[in-house]
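>>> would you be able to build a 3D model of this:
(one chain, ligands or ions: 1)
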Amino acid sequence: MEKEFDTKLVLQGRNGGSVSRSKSFSFKAPQENFTIQDFQLGKIYGVGSYSKVVRAKKKETGTVYALKIMDKKFITKENKTAYVKLERIVLDQLDHPGIIKLFFTFQDSFSLYMALESCEGGELFDQITRVRMISVEPSWCFDKFWDLTYLHVQKGKLSEDEARFYSAQVVDALEYIHSMGLIHRDIKPENLLLTSDGHIKIADFGSVKPMQDSRITVLPNAASDDKACTFVGTAAYVPPEVLNSSPATFGNDLWALGCTIYQMLSGTSPFKDASEWLIFQRIIARDIKFPSHFSEAARDLVDRLLDTDPSRRPGAGSEGYAALKRHPFFMGVDWKNLRSQTPPKLAPDPASQTASPEREDAHGSPWNPTHIGDSSAAHNDGHSAPSTPSESSGSITRLASIDSFDSRWQQFLEPGESVLMISAVKKLQKITSKKVQLILTNKPKLIYVDPSKLVVKGNIIWSDNSNDLNVIVTSPSHFKICTPKKVLSFEDVKQRALVWKKAIETLQNR
Ligand SMILES: Nc1ncnc2c1ncn2[C@@H]1O[C@H](COP(=O)(O)OP(=O)(O)OP(=O)(O)O)[C@@H](O)[C@H]1O
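Alright, predicted model coming up:
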């Protein structure tokens, strides 16, 4: 697949229209002849819809990279080739301290590998939601079993100073991305990564859209789709005009920035609901509630960024980013020296405090890469790399978006059936717990699936009657699904226990 990058170029000229010419294109980040055996693999940083990102130390040099591993067959099957090519070529040409750097790529028969700058600080999402020892929340303590959990109450949001620091760095990087004629289209706290010293880097250019006058060289077949009825990105951050099939603009990212700042300050995205459909209704109705602790400046900035008219969002008008940067929320920000400012202290990942990053993944066991690379005996069909959610997927929960919906779960649906809510959760037993994918569909059907073996482990018998099916929330992340025959306990690390309850009840009362 990489060879195709070497073919004919399409250069998109500044004055619109595209110019095509034949030329061998040389990447800044070279295509190397490395193999996966040249790296010592460590923990899994994260799992995307078509990739797995792993900490990888080059044995020869000791340099640590974030290796984005993509299964060729899966990418082809899912028609993601254009997205992968575009991400590769865009990252190759971007050069900004606030953007993940691509160092080199390589491939083998099964996988494509991108060696990215590693962000040891994890996702901004985790900084927002990370568990901290703060206080006991008495109202949640009615279940003795969970008492210990409540000694570790989540702070769940950032201070305004922290949010200002991070959002200024995002604004700075976004200004650069937009100045290059690119729309990122998937700005959200999961794609804002932190270096070990706490600075922000924008990642995941898999949804990027070059504008007509982009300064980026785009290769044939690498431009992402612009089909009227689909959107790329993630449901909760998608702007209303995209739902109305308007063409993409820089304003799309500014809306997502508004949602992200709201989330930093409140702990949740502004448009939250039990299903994509309900989220879209809220977005279209611009149904925003501002928590009372928001300062006047924060509220005003978010309110303006979430303007239904994309051209009125600060940063999108004729004044460009100057209008955004001089907003009172950013008062005191030294825009020229952002990267030399002292970042907020990172809340540590509890799992990594006992684990050495080279040797252990986030759950305390070394990642076994048997399913990747040419030399792998286990990799006989090429389907397993990104298509298995992995042992770390418990922390990669997200609502499905139309475009990024993970096709793995489609096999559990009948024709015409669609997913209303899906989470990687832990099914809690007396002393053990098991990672499962909990899936609620419009049938209605409520099942949980073993994410590694991709087999249904349980079918919770549906009833519209709350006497036969009800959900008891015992904490922000813990809930029990009760049927006359049994009570099943789950933990959703992304604290969506109430969302699950609401989703099930909404469906019962439809
Ligand atoms: N350079 C990096 N350093 C550390 N972790 C990373 C890095 N790049 C990605 N990750 C982690 O891996 C996850 C998946 O990566 P990425 O978002 O690029 O994959 P994707 O398949 O494009 O995802 P998506 O489903 O959002 O399209 C990220 O959310 C992040 O947690």
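
>>> would you map the helices across the stretch 101-250 of the chain?
Chain-ordered helices for the stretch 101-250 of the chain, with DSSP state H, counting those that start in this stretch as the definition, fall at 124-129, 160-179, 240-243, 250-266.

>>> turn the ones you listed into a markdown table, including mean neighbour count, distance to the ligand and mean pLDDT.
To be clear about C-beta, it is placed using only N, CA and C from the backbone, and glycine gets the same treatment. Compiled in a markdown table, those are given as follows (neighbours: other Cβ atoms under 10 Å; distance: least, Cβ to the nearest ligand atom, whole Å; pLDDT from 0 to 100):
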| stretch | mean neighbour count | distance to the ligand | mean pLDDT |
| --- | --- | --- | --- |
| helix 124-129 | 23 | 8 | 90 |
| helix 160-179 | 21 | 14 | 98 |
| helix 240-243 | 18 | 16 | 92 |
| helix 250-266 | 26 | 13 | 97 |
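
>>> distance to Pro415 for the ones you listed - can I get that in JSON lines?
Supplementary listing: those in JSON lines, determined by distance: least, Cβ to Cβ, whole Å:
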{"stretch": "helix 124-129", "distance to Pro415": "34"}
{"stretch": "helix 160-179", "distance to Pro415": "40"}
{"stretch": "helix 240-243", "distance to Pro415": "25"}
{"stretch": "helix 250-266", "distance to Pro415": "33"}
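
>>> which one, of the ones you listed, ends up nearest to Ile202?
Ranking the helices of the stretch 101-250 of the chain by their distance to Ile202 (criterion: Cβ to Cβ) puts helix 160-179 first, at 4.9 Å.

>>> okay, angle between the closest one and helix 250-266 too, please.
Helix 160-179 and helix 250-266 are oriented at 170 degrees to each other (axes from the mean of the first three to the mean of the last three Cα atoms, to 10 degrees).

>>> export helix 160-179 as CSV, just CAs?
In CSV, the C-alpha atoms belonging to helix 160-179 read as follows (Å, rounded to 0.1, in the frame of the first residue of the first chain):
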residue,chain,number,x,y,z
GLU,A,160,-10.0,27.3,34.9
ASP,A,161,-6.3,27.9,35.0
GLU,A,162,-5.6,24.4,33.8
ALA,A,163,-8.2,24.6,31.1
ARG,A,164,-6.8,27.9,29.9
PHE,A,165,-3.3,26.5,29.7
TYR,A,166,-4.4,23.4,27.7
SER,A,167,-6.9,25.3,25.5
ALA,A,168,-4.4,28.0,24.6
GLN,A,169,-2.0,25.2,23.4
VAL,A,170,-4.8,23.7,21.3
VAL,A,171,-5.8,27.1,19.9
ASP,A,172,-2.1,27.7,18.9
ALA,A,173,-1.9,24.3,17.2
LEU,A,174,-5.3,24.7,15.5
GLU,A,175,-4.3,28.1,14.2
TYR,A,176,-1.3,26.4,12.5
ILE,A,177,-3.5,23.5,11.2
HIS,A,178,-6.0,25.9,9.7
SER,A,179,-3.2,28.1,8.3
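
>>> residues from this structure in reach of the ligand?
For the chain, the residues in contact with the ligand (Cβ under 6 Å from any ligand atom) are 45-51, 53, 66, 68, 100, 116-119, 123, 190-191, 193, 203-204, 206, 404.

>>> follow-up on the earlier one: Thr234 is nearest to which of the helices of the stretch 101-250 of the chain?
Each of the helices of the stretch 101-250 of the chain was scored for nearness to Thr234 using Cβ to Cβ, and the closest is helix 250-266 (8.5 Å).

>>> other SSEs contacting that closest one?
Using 3 or more Cβ pairs under 8 Å, 6 or more residues apart in numbering; DSSP states H and E as the contact definition, the elements that helix 250-266 packs against are helix 124-129, helix 160-179, strand 182-183, helix 240-243, helix 296-305.
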